[in-house]
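Asker: have a look; sequence and predicted model below, questions after that.
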Amino acid sequence: MTRRTAPFRLGGRATTAAYPTGPRTTRGAGRRAAATVLLAAAALTGCTATANPDANGGSSAESDLDADCRATKSDAGLEVTLTVSPCPPTGGGAAGTAGVEVKDAEGKAVPGAKVEINPEMPNMKMKGGNQTARPKGDGYEAKLVLGMPGDWRITVTVVPAAGEKSTTAFNLTAKD
């Protein structure tokens, strides 16, 4: 291993030191700067609103939620209602909740089902990871974390104790 001993300029003066001296960035600061640049680039390239059809024929640019942050869709003979809290949904990594009500064709609650939610941001190709919903009252509840503001698709998968599996997708827009 050889050391650099040729003259070079540092701060306007010539030196022959083995290595330049001066302010150095720490490893953590360099990583934070790189992460900031990557996030900015991802945000700039993903800001175009393109239609991405979901499993129920909608697009990620339109929210399915009403003013109370609720939406209902049907699949495989089940009626699935998603309620998001806080209302309106917020991005940025703060944990919220997703309430899921599942009713059969007769309008009765479906107890004992396995319910999972999977948030994803289609425009950014970003997934939030599956969350298993726990029974709560006549429905189910799961933690919902939206990593950043923007258009999200929440896929709700219901596997009832008896009957056919249902997969329903809801579009929503998370605010700052």
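Answerer: Cool, got the structure.
Asker: low pLDDT regions in this structure?
Answerer: For the chain, residues meeting the criterion pLDDT under 70 lie at 1-61.
Asker: so which residues of it form strands?
Answerer: Secondary structure of the chain (DSSP state E): strands at 8-10, 13-15, 70-75, 78-85, 95-103, 114-121, 126-127, 131-132, 134-136, 139-145, 150-159, 166-174.
Asker: now the third one - C-alpha only, PDB.
Answerer: Going back to what we said before, that points to strand 70-75. C-alpha atoms of strand 70-75 as PDB (Å, rounded to 0.1, in the frame of the first residue of the first chain):
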ATOM      1  CA  ARG A  70     -65.500   4.000   4.900                       C
ATOM      2  CA  ALA A  71     -65.900   1.900   1.700                       C
ATOM      3  CA  THR A  72     -67.800  -1.200   1.000                       C
ATOM      4  CA  LYS A  73     -67.200  -3.800  -1.800                       C
ATOM      5  CA  SER A  74     -68.500  -7.300  -2.500                       C
ATOM      6  CA  ASP A  75     -66.600 -10.400  -3.600                       C
END
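Asker: by how many degrees do it and strand 95-103 diverge?
Answerer: 50 degrees (axes from the mean of the first three to the mean of the last three C-alpha atoms, to 10 degrees).
Asker: flag every buried residue along strand 70-75.
Answerer: Across strand 70-75, burial judged by 16 or more other C-beta atoms under 10 Å covers 70-71, 73, 75. Every C-beta, even on glycine, is put in place using the N, C-alpha and C of the backbone.
Asker: all good on my end, thank you.
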